[in-house]
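here are the coordinates; sequence isn't available:
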């Protein structure tokens, strides 16, 4: 595949395994953009302290929403049993409080939850029944806990290895990897450990994130070498790595009117997530990080769709496909409600991208 010369590309629908959809009017605006981005499966992060799967389905009936819980002291083995029966898919660890939106349920001592993890592992091994068995980890520590010249993510990696060693059959996802060290740590673990990689961490570094409010997010993008390690993981063909946008909408006014360095953390990519991954790969080719030969149909399908579904034990996509064509379309400045009361700024506004449409797949 010569992706930079490709005029038309057909892919299975993207599986976005890390989504933030908020609530209220913001939820009504953002949820339809999931399908616009070529996604038919979305794993919803529990930053919304509501049970709202039915609301999401009413807004976007063609998307399969997977739901999750925050890990906190009330999530006992008994709760895991009830959640599994209710169809909850995973449990999110926020290893500290206040690091991201609605993260007050932060966990400081993972050992306190070993009985809960053991119950999740048993469910996943089929000893009881399947459900609520994926542990989703925001892999960072508090700044005070990180040694000098070590990123918050790198300082967390020994905890990942410790958990995997203690619970080798527990499926663990290291969410939104940002460093070369995280990529290698996931590779060093067994097949029950995977990782999501966002679109924006494939094109942003700390240079953009420190100055542009629309590029500021947590975890913060790192060095160019870290960004390029993520790109290489995407085209490695390794099933451990799959897509999770971590698209995080915030009101446009909050992004533009906050004092310098105080804008809310989050990059909004949801309406164009599939195209932004492709754009990032094209730019990596231009930098010489990867070659045209590294980007194949099989690898794109794996990273964007198949790897995540298989890790979560989901069937492959339904009888639809996404078609991407070069028609000169550019990313709009924002998405907003008809009355303009809710508006969110898009990442990479003005950049030219593939046009995405949905079609029935040929059997």
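Nice, thanks for sending it over. These numbers were taken from a predicted model, which means no experiment stands behind them. Numbering: from 1, shown residues only.

Would you indicate which residues of the lowest-mean-pLDDT helix or strand in the chain are buried?
Within the chain, no helix or strand scores below helix 77-85, which has a mean of 86 by mean pLDDT, DSSP states H and E. Residues of helix 77-85 classed as buried by neighbour count (16 or more other CB atoms under 10 Å): 79, 80, 81, 83, 84. C-beta here means a position set from N, CA and C on the backbone, and glycine is covered the same way.

wait, the second one sits on residue 121?
What it means is residue 80. No - between residue 80 and residue 121 there is no contact under CB atoms under 8 Å: 10.2 Å.

Could you identify the helix or strand that succeeds the least confident helix or strand of the chain?
strand 90-93 (DSSP states H and E).

pLDDT (mean, whole number) over the helix or strand following that following strand?
Note on strand 90-93: by DSSP H and E, the next helix or strand toward the C-terminus is helix 114-124. Regarding helix 114-124, the rounded mean pLDDT is 90.

between helix 114-124 and helix 77-85, how many degrees?
Computed by axes from the mean of the first three to the mean of the last three CA atoms, to 10 degrees, the angle separating helix 114-124 from helix 77-85 equals 30 degrees.

in helix 114-124, what's buried?
Those would be 116, 117, 119, 120, 121, 122, 123, 124, for helix 114-124 by 16+ other CB under 10 Å.

repeat for stretch 337-352
For stretch 337-352, the neighbour count (16+ other CB under 10 Å) marks 342, 343, 344, 345, 346, 347, 348 as buried.

Using JSON lines, please lay out the residues you listed together with distance to residue 134.
Listed next are the buried residues of stretch 337-352 as JSON lines, based on distance: CB to CB, whole Å:
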{"residue": "342", "distance to residue 134": "31"}
{"residue": "343", "distance to residue 134": "34"}
{"residue": "344", "distance to residue 134": "28"}
{"residue": "345", "distance to residue 134": "31"}
{"residue": "346", "distance to residue 134": "30"}
{"residue": "347", "distance to residue 134": "27"}
{"residue": "348", "distance to residue 134": "30"}
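
related to what we said a few turns ago, roughly how far is the least confident helix or strand of the chain from the heart of the chain?
24 Å (CA atoms, centre = their mean, to the nearest Å).

And the helices in the chain, which stretches?
Under the criterion DSSP state H, helices of the chain are mapped to 24-30, 32-36, 53-59, 77-85, 114-124, 152-166, 180-188, 206-209, 224-234, 252-257, 273-287, 297-301, 307-311.

Go through these and name the closest to residue 244.
For the helices of the chain, the distance to residue 244 is smallest for helix 307-311, at 7.4 Å, taking CB to CB.

Packing partners of the closest one?
Applying 3 or more CB pairs under 8 Å, 6 or more residues apart in numbering; DSSP states H and E, one finds that helix 307-311 contacts strand 14-19, strand 193-197, strand 241-243.

pLDDT on the first one, on average?
Strand 14-19 carries an average pLDDT of 98.

quick check: angle from it to strand 193-197?
100 degrees.

chain center to strand 14-19, what's the gap?
Relative to its chain's centre, strand 14-19 lies at 6 Å (CA atoms, centre = their mean).

Quick check: closest non-adjacent residue to residue 200.
residue 267 (4.4 Å; CB to CB, 6 or more residues apart in numbering).

what number of residues lie near that neighbour?
32 (other CB atoms under 10 Å).

just use 306 as the starting number from now, easier for me
From this message on, residue numbering opens at 306, which makes the last subject residue 572.

tell me the contacts of it?
503, 505, 509, 519, 520, 521, 522, 551, 552, 553, 652 (CB atoms under 8 Å, 6 or more residues apart in numbering).

how does it look with 6 Å?
505, 522, 652 (CB atoms under 6 Å, 6 or more residues apart in numbering).

Pretty sure residue 568 is one of the things the second one touches, is it not?
No - Residue 522 lies out of contact with residue 568 (CB atoms under 6 Å); the separation is 9.9 Å.

More neighbours: which of these two?
Comparing residue 522 with residue 568 by other CB under 10 Å, the one with more neighbours is residue 522, at 26 against 19.

For residue 573, see how far away that one is.
10 Å (CB to CB, to the nearest Å).

Also residue 604?
Residue 604 is 26 Å from residue 573, by CB to CB.

ok, those two, which is more surrounded?
residue 573 (25 against 18).

Please name the nearest non-neighbouring residue to the more buried one.
In space, residue 573 is closest to residue 554, 4.8 Å off (CB to CB, 6+ apart).

same deal with residue 314?
residue 629 (4.4 Å).

go on, residue 473?
Spatial nearest neighbour of residue 473, excluding adjacent residues (CB to CB, 6+ apart): residue 495 at 6.1 Å.

Check residue 526 too.
Going by CB to CB, 6+ apart, residue 526 has residue 509 as its nearest residue, at 4.1 Å.

From residue 577, how far out is the closest residue to residue 542 other than its chain neighbours?
Of all residues not flanking residue 542 in the chain, residue 604 sits nearest, at 5.1 Å (CB to CB, 6+ apart). Distance, residue 604 to residue 577, by CB to CB: 20 Å.

follow-up on the earlier one: and for residue 385 and residue 426, which residues touch both?
By CB under 6 Å, 6+ apart, no residue touches both residue 385 and residue 426.

Could you check how many residues crowd around residue 365?
20.

mind checking how far residue 476 is from residue 498?
From residue 476 to residue 498 the distance is 8 Å (CB to CB).

on that earlier part again, redo the buried residues of helix 382-390 as CSV? Include distance to residue 558.
Formatted as CSV, the buried residues of helix 382-390 follow (distance: CB to CB, whole Å):
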residue, distance to residue 558
384, 38
385, 40
386, 44
388, 37
389, 41
